[in-house]
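*Asks:* requesting a structural model of the entry that follows:
(chains A, B, C and D)
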4 protein chains.
Amino acid sequence: MINVLVWNEFRHEKCQPAVAEIYPRGLHAAIGEYLSQSEDISVTLASLDDPEQGLSQEQLDHTDVLIWWGHMAHGEVSDEAVERVCRRVNGGMGLVALHSAHHSKVFKRLTGTSCNLKWRHGDRERLWTVIPSHPIAQRIPEHFELPAEEMYGEPFDIPKPDEVVFLGWFAGGEVFRSGITYRRGAGRIFYFQPGHEEYPIFHDENVLRIIKNAVRWAKPAASAAPVECVNPAPLEH
Amino acid sequence: MINVLVWNEFRHEKCQPAVAEIYPRGLHAAIGEYLSQSEDISVTLASLDDPEQGLSQEQLDHTDVLIWWGHMAHGEVSDEAVERVCRRVNGGMGLVALHSAHHSKVFKRLTGTSCNLKWRHGDRERLWTVIPSHPIAQRIPEHFELPAEEMYGEPFDIPKPDEVVFLGWFAGGEVFRSGITYRRGAGRIFYFQPGHEEYPIFHDENVLRIIKNAVRWAKPAASAAPVECVNPAPLEH
Amino acid sequence: MINVLVWNEFRHEKCQPAVAEIYPRGLHAAIGEYLSQSEDISVTLASLDDPEQGLSQEQLDHTDVLIWWGHMAHGEVSDEAVERVCRRVNGGMGLVALHSAHHSKVFKRLTGTSCNLKWRHGDRERLWTVIPSHPIAQRIPEHFELPAEEMYGEPFDIPKPDEVVFLGWFAGGEVFRSGITYRRGAGRIFYFQPGHEEYPIFHDENVLRIIKNAVRWAKPAASAAPVECVNPAPLEH
Amino acid sequence: MINVLVWNEFRHEKCQPAVAEIYPRGLHAAIGEYLSQSEDISVTLASLDDPEQGLSQEQLDHTDVLIWWGHMAHGEVSDEAVERVCRRVNGGMGLVALHSAHHSKVFKRLTGTSCNLKWRHGDRERLWTVIPSHPIAQRIPEHFELPAEEMYGEPFDIPKPDEVVFLGWFAGGEVFRSGITYRRGAGRIFYFQPGHEEYPIFHDENVLRIIKNAVRWAKPAASAAPVECVNPAPLEH
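*Replies:* Numbering: from 1, shown residues only, chains lettered A, B, ... in the order given. Below you'll find the model as predicted:
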């Protein structure tokens, strides 16, 4: 069983009726409902206004894969929570960072870069699968469209990804590395660009399947553990 | 002309006579003297006890490549100085991180990992060149020895390097990725493992040449600039 | 069920009694017997002197993962067989290339380099796990020893590996990237350095487990297929 | 001085008047004329119908960087010439492979993959700079357009590039990794997608500057040499 914590800052849904209409119980609930249909996945929902911001040490210790969506309240996430999350990722917890999570404290800290990019509301995207044999691309077509999505464009200020699984084409003229992977410590990270809150992205079958694939890909290895600093005796004399 | 700032926390040399004997004016001075012999390099020395910890915005703005050595006082480097350095690296400044700088706030923040490793004083190292054609390996033999060096051993908890230029073999039985590169934003980073303060590592001709090569390799591109977040109009209609 | 073809050139065992003593039915049989103990693995043995060199199209079409060991007879493998194997790897078949397979036609063709290296019989190796959380490193200790092994040393003339999972330390003073991965087309490749025929390497529990882990890691994705050249109509107008 | 050999199969220009109008003396001549304006570059032109196909060992031995364009006559390039070229690349010669060179024997052999892709004549391309600080991207704008270009689309069946410098956006709806780098042995390789013979791509200032930048980036290191297979005595006892 893969224990997934779907974390959403959960603010747009409360203050913007148009967003609430798409995601009445929050976009994390939409993702969670989809994942819950899989017998190997157990879902917990959490959000910024929960106690300990939904990111207590105990909760994280029981999480195999953390899905993260945030946007307008990145700055409210406490440094302590960020520290706990990053340490757990290094210790083996998977992380699936969605859309505007590119600017979350967590993602910027794990990449070490500004994660700046171009953006524009009201565009249209076509995603292309660049590594069709990648576990995250299983049962995903060679390309699929999101009729309305926010444009994210290059240059995207990130470290060289370990893998670029998807590229995004935008009708307005830009391109983007839309699905990328990293390893940090024992943890696997997948960043996926789609997911603007004003469009029903997390009701799209391909997007949801990619997230599910990423969850299975990112679950910790049996041996996952933080690397410690140790001072061993010599093995040779 | 490449403006190099050689930054050393400069504490061991002040409180440990054995270290002061090897580096009477600090190990940064030894590195700086060597680099100053090159007509294309202009050296400035700085240390933790300087005003603004030797890392003022003005100083960094005039620095092309920052060389960093720190160990016992990592925690004393202010978060503001760390922020200034990391932002400059992303904006194009090169960084050459030496030895125990693996645990500096700056390096951990740019990598996003614990940078933990194995260590043991009083070992002996042989460095192997893995990419002989790399700019940082120019005029470096296929292998060379450091008769006394601190062992640093794998697993080394870092993101996958962009390049592994040197590997280290230790007489005590360990191995290490001793010379590695990263790109962060517009900045180039070279981490080089040799340099324990109790041994005359920064008097070794090969070590010094590698540092000089790294300085030339890491200097900013003419076009280096931070990537900004922008909201452009569509290019297509 | 993972269909594994263990291919061995199978010559040393026939002409060198010392080798035959270690591997009476060939080293491929030793590997195959171990793998056969796993319920998810089905083993077929093949060798150079079989019809079609044991590498018929039909055989390859039914193979999920090909394990390859060759040394003295690299030149005898037909270009047609090499072509069939490389095409199947690109189409999704996994490849586990062992030891002197670094100089096989197949491996050189998939890497595009000379795959030259240093070598010396009668050394002793300690393998270090560099990515403990990697699927191929599961249940493998942080380091383990091979009391007698041929030294393979850097520089190893290969393209930059996708991942370096293991590094080798040799008592004679060298280091080596001993366990590395590549992707070619839809196929996954693991090269593993241990396996000189004069030592009982393929009776070593850690070596065998690494090979088993690699088989599971390298099995084709459900969607694995060769990428075709196509001339589609425009998607946009 | 960088000795550049601009090699063109030079057939379309002889049999297709429309192509000859764009490149009266061959597209290699257009590239060569541009490069010749730089004082640090010395240009030689060669083509398939020259003696030894313009790729004699002597010629290659005096070449620092080889620029390659081919399309309709890939199959006519002799295996011996391919072998000479690939060996020189591994020995340090730079290679700039243009457009349909993706399917040349040389490029396929150096990558080990099919290099298949999507294609369609009569599209329009916008190139995006993904690594603005890369030497090959110096003085290249963030994006620029080619009003008429052949579409090349993903998935592109290549090994993971060492670097993706440019991405291509096509008006017909596709994306492509249009500027990528590899290292093979001591040699640096840059593949650049623009360059269909029916459009005046090699008269475009940005395209030409990218090729010039690539030439400088790909020139051999001072120490460039093939890695040999050697059997050294132990360094330790």
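*Asks:* tell me, how many residues neighbour residue A:99?
*Replies:* 24 (other C-beta atoms under 10 Å in any protein chain shown). Backbone N, C-alpha and C define where each C-beta goes, glycine included.
*Asks:* same thing with residue A:33?
*Replies:* The number of residues packed around residue A:33, counting by other C-beta under 10 Å, is 15.
*Asks:* so how far is chain D from it?
*Replies:* 32 Å (C-beta to the nearest C-beta, to the nearest Å).
*Asks:* just want the most central residue of chain A.
*Replies:* For chain A, the residue nearest the mean C-alpha position is residue A:97 (1.6 Å; C-alpha atoms, centre = their mean).
*Asks:* correct me, but that one touches residue A:187?
*Replies:* No: contact criterion C-beta atoms under 8 Å: residue A:97 and residue A:187 do not qualify, at 11.8 Å.
*Asks:* need phi/psi at the closest residue to residue A:143 other than its chain neighbours.
*Replies:* What sits nearest to residue A:143 in space, not counting adjacent residues and going by C-beta to C-beta, 6 or more residues apart in numbering or on different chains, is residue A:128, at 4.9 Å. Main-chain torsions, residue A:128, degrees, to the nearest 10: phi -110, psi 130.
*Asks:* distance of residue A:128 from residue C:187?
*Replies:* The spacing between residue A:128 and residue C:187, counted by C-beta to C-beta, to the nearest Å, is 21 Å.
*Asks:* could you do residue A:192 as well?
*Replies:* Residue A:192 is 25 Å from residue C:187, by C-beta to C-beta.
*Asks:* residue A:35 too?
*Replies:* From residue A:35 to residue C:187 the distance is 30 Å (C-beta to C-beta).
*Asks:* neighbour count winner among these two?
*Replies:* Counted by other C-beta under 10 Å, residue A:35 and residue C:187 do not tie: residue C:187 has more neighbours, with 27 against 21.
*Asks:* what does that one show for phi and psi?
*Replies:* Dihedral angles of residue C:187 (phi, psi; degrees, to the nearest 10) stand at phi -100, psi 150.
*Asks:* before we move on, what about the one 5 residues further on?
*Replies:* Listed backbone geometry of residue C:192 is phi -130, psi 120, with angles given as degrees, to the nearest 10.
*Asks:* what is the burial count for it?
*Replies:* Neighbourhood size, residue C:192 [other C-beta under 10 Å]: 23.
*Asks:* what pLDDT does it get?
*Replies:* Predicted confidence (pLDDT) for residue C:192: 98.
*Asks:* for the helix or strand of chain A with the lowest mean pLDDT, packing partners?
*Replies:* Least confident helix or strand, chain A: helix A:12-15 with a mean of 94, by mean pLDDT, DSSP states H and E. Contact analysis of helix A:12-15 by 3 or more C-beta pairs under 8 Å, 6 or more residues apart in numbering or on different chains; DSSP states H and E lists helix A:17-22 as its packing neighbours.
*Asks:* after the helix it packs on, next one along is what?
*Replies:* Downstream of helix A:17-22, the first helix or strand assigned by DSSP states H and E is helix A:27-36.
*Asks:* tell me where chain A has strands.
*Replies:* Ranges of strands in chain A, per DSSP state E, are A:2-8, A:41-47, A:65-69, A:94-98, A:118-129, A:143-153, A:163-170, A:175-184, A:187-192.
*Asks:* report how many residues lie close to residue A:221.
*Replies:* By the criterion of other C-beta under 10 Å, residue A:221 has 17 neighbours.
*Asks:* contacting residues for the residue lying closest to it once chain neighbours are set aside?
*Replies:* Nearest non-adjacent residue to residue A:221, counting by C-beta to C-beta, 6+ apart: residue C:133, 4.3 Å away. Counting by C-beta atoms under 8 Å, 6 or more residues apart in numbering or on different chains, residue C:133 makes contact with A:92, A:183, A:185, A:186, A:187, A:220, A:221, A:223, A:224, A:225.
*Asks:* pull the number of nearby residues for the residue lying closest to residue A:46 once chain neighbours are set aside.
*Replies:* Among residues not flanking residue A:46 along the chain, residue A:54 sits closest, at 2.9 Å (C-beta to C-beta, 6+ apart). As a burial measure, residue A:54 scores 23 neighbours (other C-beta under 10 Å).
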